[in-house]
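Structure for the following, please:
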Amino acid sequence: MQEVIPINPVTKDTEDHDRLLAALGSGNSSTRLQAALAAGTRADPALTGALVARCAIEPDFFVRDMLTWALTRLPAETTVPALLAELRSERAQARSQALHTLSKIGARSTWPAITGSLLRDADDEVARSAWRAAVVLVPAGERAALAAELAGQLGRGDRTVQLSLSRALAALGDVTEPALRAGLASADPAVRAHARATERLLHDPDAAFDLAVDEADRIVALGPERAGGAAC
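Predicted structure coming up:
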C-alpha cells in the first residue's frame, strides 16, 4: 500500500510566499503586475516590507499603482510605520510612493509627517505627491496654513507641476483666495501668472488650465486694461 505523504500547510505557505517575492522582482512587468495583484488579494501583512521596498524601485507606473493598492489592503498598523520610514529615504521615488500610498490609506494621524521639507522637496514628483497627500490629510484647523505654504511655491516648475499645485490649492477651498494675494502682487511675472490661473481654477474648476495660464500670462504682459481691450 502506497504511503500518503501529508502536505504541510506551513511549507506550502512558505513556498507561495517565496514565489510571490520572486515574481515581484521579475524582469517582466506583466509578471510583477500579477504578483502585486496577488499580494493585494492575499493581504498577508508579512509582505509589507517587500511591497514597500519594491515601490521604491519599481519603474513601471501601472505596477507601482498596483503595489499601492496591495498596501492599502493590508492593516494600517503594519503599513503606516513602514511608509513613514520611507519618507526619510534618500531615494526620491521611495518618498514619492510612500506619500502617494499614505494619501490612499487616508490615516489622519499621519498628517504631522507631511513636513514643510516634503512640501518643498527639490524633486518635483515628491513635492507633487506631498501636495496631494497634504490636501487629503490636513486637519480643518491647518488648512489656511497649508494654503499659505503651497502658495509660497507659485511659479514653480513646468505646467504639469504648476497644475498639480493649483489643483491642490483649489481643493483647499475658501482658505486659498487669501493665500493667493501675495502671489497676485508678486514682482515675478511667472508667479503672478500662476496665481491668476489658480484663482480662475478656484472659481471655475472646469476651466482649462493651459488656457488659464495663457490668459494670465497675457494679462501680466499687457496689464489688465490693455489685455481687456485686446480681447474685444
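
For stretch 166-181, what does the pLDDT average out to?
Mean pLDDT, stretch 166-181: 96.

what sits up against that stretch?
Stretch 166-181 is touched from outside by 131-132, 134-135, 138, 143-144, 146-148, 150-151, 154, 194-195, 197-199, 201-202, 205, 209, with contacts defined as CB atoms under 8 Å, 6 or more residues apart in numbering. Every residue, glycine included, has its C-beta placed from N, CA and C.

which of those count as buried?
Taking 16 or more other CB atoms under 10 Å as the criterion, what is buried in the contacts of stretch 166-181 is 131-132, 134-135, 138, 143-144, 146-147, 150-151, 154, 194-195, 197-199, 201-202, 209.

what about this structure, any weak spots by pLDDT?
1-13, 207-232 (pLDDT under 70).

Can you show me the strands along it?
Remark: no strands are assigned in the chain by DSSP state E.

Break it into its domains for me.
46-117, 138-232 (automatic domain parsing).

Of all these, which one comes closest to A36?
Closest to A36 of those is domain 46-117 (CB to CB; 3.8 Å).

Would you mind measuring the gap between the ends of the closest one?
31 Å (CA to CA, to the nearest Å).

Distance to R32 for the domains of the chain - can I get that in TSV?
Output for the domains of the chain, formatted as TSV (distance: least, CB to CB, whole Å):
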stretch	distance to R32
domain 46-117	5
domain 138-232	26
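
if I pick the closest residue to D123 other than its chain neighbours, what's in contact with it?
Leaving aside its sequence neighbours, D123 sits nearest to A92 (CB to CB, 6 or more residues apart in numbering; 4.1 Å). Each residue near A92 by CB under 8 Å, 6+ apart is listed here: 121, 123, 125-126.

quick one: A92 from R192, how far?
A92 is 30 Å from R192, where distance means CB to CB, to the nearest Å.
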